[in-house]
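here are the coordinates; sequence isn't available:
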């Protein structure tokens, strides 16, 4: 009872704060002539574009040139947006939260004073709403729902004032669109909170339209509107392809910011279950970090290697996954938060797949010991699961033999590849990965009959092998049927390969070329 009474009092206090925030300041004249437009917009756009390209030093220098001609509040808002991006690059590290909150609170207080001095200036209200927008993202990331709701109402009020004064100020539609969308689709528990706080309802369709308008017509916040739209497409609209297309566009516009590649990799991995595409994106992070094309290279390379390790383990290449994890452990990067612990966990999982249990146990223990304060990625839990669940010996032996044969095949030694793959299939005859790999070796040895039998078996086993092996088996069968002039079955196999979800890009291209030849 004490807890619920306290919560009720807190709600009432917050509601009072909101009503005060939403009211027009006392003594302010409201009949002044509106002041429209953004002062020194081109200079501010250059600074904000540098933030989005992760050139924070360049953005600071541009803001130094812009401030004076441009309003100080505009520069402060872009500066706090840059600090938020820096925090987002290593969001699990909370050591910088205090400095960020102090600065964003100061920027908001300054913005409140500006709108009191010049209540008819549209850009003053825009920058105030934008400052609240940065803080509400922080609250949302830290699951601070009550402060987020409070700031949401203030954003709505500020940006509606901006648009009332200057209907052409399309940047205001970015924040208003987010409010309209999330206020409509919020889960019931948050809608109850909204009711207690007196927050206006939302409109999903209107919100999406406003976000698209900001993306297409905004001056400062076009990129921000696009980034928020990609999150909405992923989380709620189930438009993964559209989200990835937005990220591709953002990467093209801001090629030095690694976050867009990371987000694309995660979208492929989590929302499309496309391990091959995710692996390619993670590898592009490593490549970009090493060739100097990406900023924040330590973060980019570590993100890429950790992501690649997870994909390679899932794609039955744990030896290469272990190499990626070891590369992170060797460098011991300070960021992202807990990277070494995550790498040790990935190393343990990879080594367990190939029967190196003692080394895997050592990696799990190292992961638990290295897990940082708070353990936001639940490394200790994963390590404990690894320590307590020994893998099946026959399965891990089969994987080790399968990789031994496959690596020999990749080196061009098909004759030496066959024996270990035969033993892998004997140990686990219903594993589609081993069947596919042995089928490729049979093809190289000109034994199409046995190759066909392995590829067909790879498609019959349950559970099926990872998607790239399914698609590749279809494609190889297409080539076998094409070579034997069985056009109908070749077309069917190529078509299945081309349409297979999660097919590797190379497989899909081969299948499409096969279809083009036969059609």
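Okay, I see it. Bear in mind that the values here come from a model prediction, so they are computed numbers and not experimental data. Numbers count the residues shown, from 1 in each chain.

how about the nearest residue to the most centrally placed residue in the chain, chain neighbours excluded?
Most central residue of the chain, judged by C-alpha distance to the mean C-alpha position with Cα atoms, centre = their mean, is residue 263 at 2.7 Å. Across the structure, with Cβ to Cβ, 6 or more residues apart in numbering as the measure, the residue nearest residue 263 apart from its sequence neighbours is residue 247 (5.4 Å). (Glycine included, C-beta is placed from N, CA and C.)

any idea how far that neighbour lies from residue 325?
In this view, residue 247 and residue 325 are 26 Å apart by Cβ to Cβ, to the nearest Å.

between the two, who's got more neighbours?
residue 325 (30 against 25; other Cβ atoms under 10 Å).

In terms of secondary structure, what does the helix or strand encompassing the more buried one contact?
According to DSSP states H and E, residue 325 maps onto helix 318-331. Applying 3 or more Cβ pairs under 8 Å, 6 or more residues apart in numbering; DSSP states H and E, we find helix 318-331 packed against helix 297-314, helix 339-353, helix 393-410.

all helices of the stretch 351-500 of the chain, in order?
Here the stretch 351-500 of the chain has its helices, by DSSP state H, counting those that start in this stretch, at 357-370, 379-388, 393-410, 414-427, 432-444, 448-460, 467-483, 487-499.

Out of these, which is closest to residue 119?
helix 379-388 (51.3 Å; Cβ to Cβ).

From the contact counts, what lies against that closest one?
Applying 3+ Cβ pairs under 8 Å, 6+ apart, one finds that helix 379-388 contacts helix 339-353, helix 357-370.

closest one to residue 187 among these?
So among the helices and strands packed on helix 379-388, helix 339-353 is nearest, using Cβ to Cβ, at 30.0 Å.

could you give the angle of the closest one to helix 357-370?
Relative orientation of helix 339-353 with respect to helix 357-370: 160 degrees, computed using axes from the mean of the first three to the mean of the last three Cα atoms, to 10 degrees.

Quick one: residues in contact with helix 339-353.
Outside helix 339-353, the residues that touch it by Cβ atoms under 8 Å, 6 or more residues apart in numbering are 302, 305-306, 309-310, 312-313, 316, 318-319, 321-322, 324-326, 328-329, 332-333, 357, 359-361, 363-364, 366-368, 370-372, 377, 379, 382-383, 386, 390-391, 396, 399.

quick revisit: I'd say the residue nearest to residue 263 and residue 233 touch.
No - the criterion here is Cβ atoms under 8 Å, and residue 247 misses it with residue 233 at 9.9 Å.

So, low pLDDT: which residues of the stretch 301-450 of the chain?
Low-confidence segments of the stretch 301-450 of the chain, defined by pLDDT under 70, are absent; every residue clears the threshold.

Repeat that for the stretch 151-300 of the chain.
The stretch 151-300 of the chain contains residues with pLDDT under 70 at 188-198.

ok so, going back, please identify the most buried of the helices of the stretch 351-500 of the chain.
helix 432-444 (a mean of 24; mean count of other Cβ atoms under 10 Å).

before we move on, back to that, what is the orientation angle of whatever helix or strand the residue nearest to the centre of the chain lives in with helix 297-314?
Assigned by DSSP H and E, residue 263 belongs to helix 259-266. Direction vectors for helix 259-266 and helix 297-314, defined by the same axes, to 10 degrees, enclose an angle of 10 degrees.

Give me the residues contacting helix 259-266.
Under the criterion Cβ under 8 Å, 6+ apart, residues 54, 85, 88-89, 230, 244, 247-248, 250-251, 254, 278, 281-282, 284-285, 288, 294, 300, 303-304, 307 lie in contact with helix 259-266.

Need the buried ones from those residues selected in PyMOL.
In PyMOL, selecting the buried portion of the contacts of helix 259-266, with burial taken from 16 or more other Cβ atoms under 10 Å, looks like this:
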select buried, resi 54+85+89+230+244+247+250+251+254+278+281+282+284+285+288+294+300+303+304+307
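
Could you list which of the contacts of helix 259-266 belong to helices?
Within the contacts of helix 259-266, residues falling in helices by DSSP state H are 85, 88-89, 230, 244, 247-248, 250-251, 278, 281-282, 284-285, 288, 300, 303-304, 307.

ok, back up a step: between the helices of the stretch 351-500 of the chain, which one is nearest to residue 273?
helix 467-483 (7.3 Å).

Please work out the angle formed by the directions of that closest one and helix 487-499.
Calculated by the same axes, to 10 degrees, helix 467-483 forms an angle of 160 degrees with helix 487-499.

Now do the same for helix 467-483: mean pLDDT, whole number.
Along helix 467-483, the predicted confidence averages to a pLDDT of 98.

Who are the packing partners of it?
When contacts are defined as 3+ Cβ pairs under 8 Å, 6+ apart, helix 467-483 sits against helix 275-291, helix 432-444, helix 448-460, helix 487-499, helix 505-518.

could those be laid out in JSON lines, adding distance to residue 481?
Supplementary listing: the helices and strands packed on helix 467-483 in JSON lines, determined by distance: least, Cβ to Cβ, whole Å:
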{"stretch": "helix 275-291", "distance to residue 481": "24"}
{"stretch": "helix 432-444", "distance to residue 481": "13"}
{"stretch": "helix 448-460", "distance to residue 481": "9"}
{"stretch": "helix 487-499", "distance to residue 481": "4"}
{"stretch": "helix 505-518", "distance to residue 481": "10"}
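
thought residue 471 was touching residue 497?
Yes - with contacts defined as Cβ under 8 Å, residue 471 counts as touching residue 497 at a distance of 4.9 Å.

the helices in the stretch 1-150 of the chain, which residues?
2-22, 41-52, 56-66, 72-89, 97-117, 122-141, 145-165.

Of all these, which one is nearest residue 34?
Minimum separation from residue 34 across the helices of the stretch 1-150 of the chain (Cβ to Cβ) falls at helix 145-165, 4.1 Å.

which other residues reach the helix or strand that that closest one is followed by?
Sequence order places helix 172-185 as the next helix or strand after helix 145-165, per DSSP H and E. Taking contacts as Cβ under 8 Å, 6+ apart, the residues outside helix 172-185 that touch it are 125-126, 129-130, 133, 152, 155-156, 159-160, 162-163, 194, 199-204, 206-215, 218, 221, 224-225, 228, 232, 236.

one step back: could you pull out the buried residues of the helix holding residue 325?
318, 319, 320, 321, 322, 323, 324, 325, 326, 327, 328, 329.

ok, so of those, who is nearest residue 76?
Distance ranking of those against residue 76, using Cβ to Cβ, places residue 328 first at 37.0 Å.

and that closest one, what does it touch?
If you count contacts by Cβ under 8 Å, 6+ apart, residue 328 has them with 302, 305, 306, 309, 339, 340, 342, 343.

Also residue 43?
Residue 43 makes contact with 62, 65, 66, 69, 70, according to Cβ under 8 Å, 6+ apart.

contacts for stretch 500-514?
Here stretch 500-514 makes contact (Cβ under 8 Å, 6+ apart) with 272-277, 280, 466-468, 470-472, 474-475, 478-479, 482, 490, 494-495, 497-498.

Let me know how buried the closest residue to residue 359 other than its chain neighbours is, in neighbour terms.
Residue nearest to residue 359 in three dimensions, not counting chain neighbours: residue 351, with 4.9 Å by Cβ to Cβ, 6+ apart. Neighbourhood size, residue 351 [other Cβ under 10 Å]: 27.

What of the one 3 residues further on?
The local packing of residue 354 (other Cβ under 10 Å) involves 23 other residues.

Give me the distance between residue 371 and residue 331.
When distances are taken as Cβ to Cβ, residue 371 and residue 331 turn out to be 18 Å apart.

again with residue 89
Applying Cβ to Cβ, the value for residue 89 to residue 331 is 17 Å.

cool, residue 174 as well?
As defined by Cβ to Cβ, residue 174 lies at a distance of 38 Å from residue 331.

go on, residue 42?
Between residue 42 and residue 331 the computed distance is 41 Å (Cβ to Cβ).

For residue 62, which non-adjacent residue is spatially closest?
When the adjacent residues along the chain are set aside, residue 62 lies closest to residue 47, with 4.0 Å between them (Cβ to Cβ, 6+ apart).
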